[in-house]
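Visitor: Generate coordinates for the sequence data below:
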Amino acid sequence: MAERMRLGGILDLSTVDWYGNASLIVFFAGCNFRCPYCQNSPLIPPDSGVEVGVEVLRERIEKNLILLDAVVFTGGEPTLQPKGVEEAARAVRDYGLKLMLDTNGSMPSVIEGLLKEELIDRVALDVKAPLRAEPYGRVIGLPEAGASMARRVEESLELCNQYGVEVEVRTTVAPGISDDPDFIREIARSIRGRCTVYYLQQFDNTGNILDESLKALEPPTRERLMELGRVALEEGVGEVYIKTRRHGLERVQI
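Guide: Numbering: from 1, shown residues only. Take a look at the predicted model:
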């Protein structure tokens, strides 16, 4: 029997989710984190989105196939639907497209299963905070789960390295939450030598933010992001970019 998936939507074409590729973006519904700055908060509930079969994904790929190089699975958190995400990944492979998994890293066993089957080409791993209990629990909105989730993210990063898959690490820089140089420095120390590239993403105070009080705060400036990016470079991360609404993607130089 074919697996069903809960999806929050499909975007037919994007050139900014996996740079250098024209990608179809699949939004899986449901997330186990409660990050206060989350912009996809309507996709957090496990019963959000719409239940569909893999044929829906196939139809959208076929409609846009001539334009596509790749597919990106994002969310929500795709790995909370392990059977659905595996079947969807196999469908992507049937069309000869590359696949990137955008994940919070909380389900390393699911990630390993996909890696074992050679179903994904790249992992976009959100490292939301230094890999310790207090900061991780605070940033993901689950203080009691900070220690276990930090360990799981660490394991996911290690698995990606073991299987030789490309890894891009991402951190959202939000005011008063993740914009301190020491915060970024500690993350950088834990990922140096273990990722292809590190992206610092500018918090956006528009949209469906989970903690609505953050809407009143200004996003960090481009200059602040550049400063934080240089901190990561100084700690030995080989390639660092910042991403802002106004300027897009920019490489950080010392």
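
Visitor: and C31, how many neighbours does it have?
Guide: Neighbour count of C31, defined by other Cβ atoms under 10 Å: 24. Just so you know, the C-beta spots here come from the backbone N, C-alpha and C atoms, and that holds for glycine as well.

Visitor: Please report how far it lies from L99.
Guide: Distance, C31 to L99, by Cβ to Cβ, to the nearest Å: 20 Å.

Visitor: go on, E62?
Guide: Separation of E62 from L99 (Cβ to Cβ): 16 Å.

Visitor: Have a look at the two and say which one is more surrounded.
Guide: L99 (22 against 10).

Visitor: next structured bit after the helix or strand hosting that one?
Guide: Using DSSP states H and E, L99 sits in strand 98-103. Going down the chain from strand 98-103, the next helix or strand is helix 108-116, by DSSP H and E.

Visitor: which other residues reach that following helix?
Guide: By Cβ atoms under 8 Å, 6 or more residues apart in numbering, the surrounding residues in contact with helix 108-116 are 79, 82, 85-86, 89, 101, 103, 105, 120, 123, 152, 155-156, 159-160, 163, 165.

Visitor: got the angle for that helix vs strand 98-103?
Guide: Interaxial angle, helix 108-116 versus strand 98-103 (axes from the mean of the first three to the mean of the last three Cα atoms, to 10 degrees): 170 degrees.

Visitor: Pull out the buried positions in helix 108-116.
Guide: Within helix 108-116, the residues that count as buried by 16 or more other Cβ atoms under 10 Å are 108, 110-115.

Visitor: farthest pair in those?
Guide: Greatest spatial distance among those (Cβ to Cβ): P108 and L114, at 10.8 Å.

Visitor: Turn the buried residues of helix 108-116 into a markdown table, columns for pLDDT.
Guide: Compiled in a markdown table, those are given as follows (pLDDT from 0 to 100):
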| residue | pLDDT |
| --- | --- |
| P108 | 98 |
| V110 | 98 |
| I111 | 98 |
| E112 | 98 |
| G113 | 98 |
| L114 | 98 |
| L115 | 98 |
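
Visitor: right, and out of those residues, which lies closest to P42?
Guide: Distances from P42 to those, taken as Cβ to Cβ, are shortest for V110 (23.0 Å).

Visitor: hey, where'd the helices end up in the stretch 51-200 of the chain?
Guide: Assigned by DSSP state H, counting those that start in this stretch, the stretch 51-200 of the chain shows helices spanning 54-64, 82-94, 108-116, 133-139, 146-162, 181-191.

Visitor: Nearest residue to F183 in space, please, no chain neighbours.
Guide: Take F183 and drop its neighbours on the chain: the residue closest to it by Cβ to Cβ, 6 or more residues apart in numbering is P130, 6.5 Å away.

Visitor: where's the one you found relative to G193, distance?
Guide: Counting by Cβ to Cβ, the gap from P130 to G193 is 17 Å.

Visitor: Those two: who's more crowded?
Guide: With neighbours defined as other Cβ under 10 Å, P130 and G193 compare such that P130 has more, 21 against 8.

Visitor: Now the strand holding L99: average pLDDT?
Guide: For strand 98-103, the mean per-residue pLDDT is 98.

Visitor: Strand partners (parallel or antiparallel) of it?
Guide: Sheet pairing of strand 98-103 (DSSP bridges) gives strand 70-75 (parallel), strand 122-126 (parallel).

Visitor: Go ahead and measure how far that strand is from the middle of the chain.
Guide: Centre-to-centre, strand 98-103 and its host chain are 9 Å apart (Cα atoms, centre = their mean, to the nearest Å).

Visitor: Can you list the buried residues in that strand?
Guide: Neighbour counts over strand 98-103 (16+ other Cβ under 10 Å) mark 98-103 as buried.

Visitor: So which bits of stretch 205-223 are buried?
Guide: Within stretch 205-223, the residues that qualify as buried are 205, 209-211, 214, 217, 219-220, counting by 16+ other Cβ under 10 Å.

Visitor: Stretch 223-240 now?
Guide: Across stretch 223-240, burial judged by 16+ other Cβ under 10 Å covers 224-233, 235, 237, 240.
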